[in-house]
Every structure is written in C-alpha cells, then in structure tokens.
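Colleague: sequence-free structure coming up:
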C-alpha cells in the first residue's frame, strides 16, 4: 500500500527518509554524498512521484522504492 507523502507530517516524512538513506548508505561511486543532500534528493523524488513510500502489511514495514518498481510488483503478485 502506498502512503501518500502529503498525509505525513514533515517530521515523520524526514524520519522515514533518513532511516531509508541510512539503510541504503551514502557512498555512491567516487564521491560521498552528504546525508542531508541524499535526504533532499529522496524527498524530491517523492515529491515528483518518481519514488513512493510503501507500507507492507505482511511485514509491517515501511520502505521507499521507485514508483515504476512498485507498479511492476503489483502485476506480479
């Protein structure tokens, strides 16, 4: 189930994004990306609809994933 970004408080949204970024890491290639910059990038992706926040009822977890990947997963389940 997709959690609409606009229904989350700014603090909760920031916490979800920060947890996701810390889980994924901030090292990408030759240069490290600052945590604050990566959080801003993910927040922008969510605002553009390129990424979505997904709640798994089965696992009782929240994750961020590419919208396209979520849409494909809907058809394979």
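Modeller: That came in fine, so what should we check first? What you are looking at is a predicted structure, and each value in this text was computed from that prediction instead of being measured.

Colleague: Any idea which helix or strand in the protein has the lowest mean pLDDT?
Modeller: strand 27-28 (a mean of 58; mean pLDDT, DSSP states H and E).

Colleague: Pairing partners for the residue nearest to residue 45 when sequence neighbours are not counted in the sheet, please.
Modeller: Counting by CB to CB, 6 or more residues apart in numbering, residue 45 lies nearest to residue 51, which is 4.0 Å off, once chain neighbours are set aside. (Each C-beta comes from the backbone N, C-alpha and C, glycine too.) Beta-bridge partners of residue 51, counted by DSSP bridges, are residue 66.

Colleague: Quick check: residue 51 vs residue 35, distance?
Modeller: From residue 51 across to residue 35, the span is 17 Å (CB to CB, to the nearest Å).

Colleague: More neighbours: these two, which one.
Modeller: residue 51 (23 against 12; other CB atoms under 10 Å).

Colleague: need the contact list for the residue nearest to residue 45.
Modeller: By CB atoms under 8 Å, 6 or more residues apart in numbering, residue 51 lies in contact with 42, 45, 64, 65, 66, 67.

Colleague: So what's the residue count around residue 52?
Modeller: Residue 52 is flanked by 20 other residues according to other CB under 10 Å.

Colleague: Go ahead and confirm it touches residue 64.
Modeller: Yes - shown here, residue 52 and residue 64 form a contact pair, counting by CB atoms under 8 Å, at 7.2 Å.

Colleague: which residue sits closest to the residue nearest the centre of the chain, ignoring its sequence neighbours?
Modeller: The chain has residue 64 as the residue nearest its centroid, 2.7 Å off, counting by CA atoms, centre = their mean. Spatial nearest neighbour of residue 64, excluding adjacent residues (CB to CB, 6+ apart): residue 20 at 4.6 Å.
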